[in-house]
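>>> would you be able to build a 3D model of this:
(one chain, ligands or ions: 1)
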Amino acid sequence: MFVLRQCLTLGTKSSIRNFSATTNLVNLTINEDTGVAIMELNKPPVNSLNYELLEAMHRTLVKLENEKCPGMILTSSSRSTFSAGLDLLEMYKPTVDKARRFWSMLQNTWIKLYSTPYPTVAAINGHSPAGGCLLAMSCEHRIMVPDKMIGLNETQLGIVAPQWFQDCMRNIIGERQAEKALIAGRMFTSEEALKIGLVDELATDKEDLMQKAHDFLDEQMGLPPLARSVVKVGFRKDTLSKLINGREADIKMFLDNVFQPKVQESLENYIQMLKKK
Ligand SMILES: CCCCC/C=C\C/C=C\CCC/C=C/C(=O)SCCNC(=O)CCNC(=O)[C@H](O)C(C)(C)COP(=O)(O)OP(=O)(O)OC[C@H]1O[C@@H](n2cnc3c(N)ncnc32)[C@H](O)[C@@H]1OP(=O)(O)O
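Predicted structure coming up:
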């Protein structure tokens, strides 16, 4: 069961409720006046998406949906990184059961995040490669601090971004730009990402980032919510249905790839390289 611990109630002009999932991997803050939720990923040092973090995110998303959340900001507690993408250790010599459970939770979490009826904004306060970029792309609006990197870099790692990762990118930056970016596994600077529309706005610092995120939500929350959400989900339904109807095939794709000796070898080298950095 999802146990939430009420940590603190601040009696400021706008009351804020802070919750932490028992794992503390996700910090959830809800403004009592506006209902706006801030979901802060909190798995130091780089918010790599392992099973536990994905599960904490999923449970938080279910809670927000049940509580009719009016708007959510997704951000990170790390100073350098929004999310480093999938946790490489989850994919290094896993058992079949562990790998299947991990990928299935990734699917669950993405489906929930991509299909929220309420508006979502990614406040990207750090690097956002691969799975980190997927999280940002799953929100409706992206705001990023300067001098960080974002993109689907899978090709550069010798692997292929799953179809639904690719679809998310195509839906945002269009066929031609997505094809070029995905073939190259290109990582974009914040400024380049703004230019091609992968992010919508740049912010000067974290404070400006959060202000801009709230401004976006204020605007969205002024719209009739049902009409807003029907249009949103209508735009996203083809991408969602493709994964929902092909979940088993997608898991099989992952399992077939992850257990390839060559993939395990590159994974080991990559993990070593990151540790030596
Ligand atoms: C390579 C083969 C992959 C195999 C895949 C298997 C099957 C394929 C099938 C399907 C496709 C899967 C699609 C995959 C999607 C992904 O998301 S894969 C993950 C891609 N992510 C990255 O390439 C990012 C790697 N990290 C970095 O570039 C940097 O860490 C950074 C995010 C830019 C942050 O830099 P910095 O602040 O300098 O921090 P450090 O590099 O020093 O890192 C700190 C510690 O964190 C560890 N770490 C970094 N990233 C990950 C990660 N993704 N998973 C686990 N751990 C990570 C890093 O090793 C450091 O650890 P220590 O503190 O040294 O112990």
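
>>> can you list the residues of the stretch 1-150 of the chain near the ligand?
Residues of the stretch 1-150 of the chain lying close to the ligand (CB under 6 Å from any ligand atom) are 45-46, 48, 80-81, 84-89, 91, 127, 129-131. (Glycine included, C-beta is placed from N, CA and C.)

>>> ok, now which ones touch the residue nearest to residue 42 when sequence neighbours are not counted?
In this structure, residue 42 finds its nearest non-sequential neighbour in residue 77, 4.3 Å apart by CB to CB, 6 or more residues apart in numbering. Neighbour list for residue 77: 27, 40-42, 44, 47 [criterion: CB atoms under 8 Å, 6 or more residues apart in numbering].

>>> buried sites along the host helix or strand of residue 243?
According to DSSP states H and E, residue 243 maps onto helix 225-244. Neighbour counts over helix 225-244 (16 or more other CB atoms under 10 Å) mark 225, 228-229, 232, 236, 239-240, 243 as buried.

>>> would you format those as TSV with distance to residue 65 included?
Formatted as TSV, the buried residues of helix 225-244 follow (distance: CB to CB, whole Å):
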residue	distance to residue 65
225	13
228	15
229	11
232	14
236	15
239	19
240	15
243	18
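
>>> how about those, which pair is most distant?
Taking CB to CB, the two most distant members of the buried residues of helix 225-244 are 225 and 243; they sit 25.1 Å apart.

>>> residues touching the helix or strand containing residue 216, excluding its own?
Using DSSP H and E, residue 216 maps to helix 206-221. Helix 206-221 is contacted from outside by 34, 36, 38, 70-71, 73, 75, 119, 121, 123-125, 140-141, 143-145, 201, 203, 228, using CB under 8 Å, 6+ apart.

>>> so which of the residues you listed sit within helices?
In this view, the contacts of helix 206-221 that belong to helices under DSSP state H are residue 228.

>>> in contact with residue 44, which residues?
Residue 44 makes contacts with 77-78, as judged by CB under 8 Å, 6+ apart.

>>> look at it and give its secondary structure.
Three-state assignment for residue 44 (DSSP: H, G, I helix; E, B strand; the rest coil): coil.

>>> and it, how close does it get to residue 80?
Counting by CB to CB, to the nearest Å, the gap from residue 44 to residue 80 is 10 Å.

>>> what of residue 57?
Counting by CB to CB, the gap from residue 57 to residue 80 is 20 Å.

>>> neighbour-wise, which of these two wins?
residue 57 (25 against 13; other CB atoms under 10 Å).

>>> in terms of contact, does that one touch residue 39 like I think?
Yes: in this structure, residue 57 is within contact of residue 39 by CB atoms under 8 Å, at 7.3 Å.

>>> give the residues shared as contacts by the two.
Counting by CB under 8 Å, 6+ apart, the shared contacts of residue 57 and residue 39 are residue 26.

>>> what number of residues lie near residue 146?
12.

>>> wait, it sits on residue 192?
No: the criterion here is CB under 8 Å, and residue 146 misses it with residue 192 at 11.2 Å.
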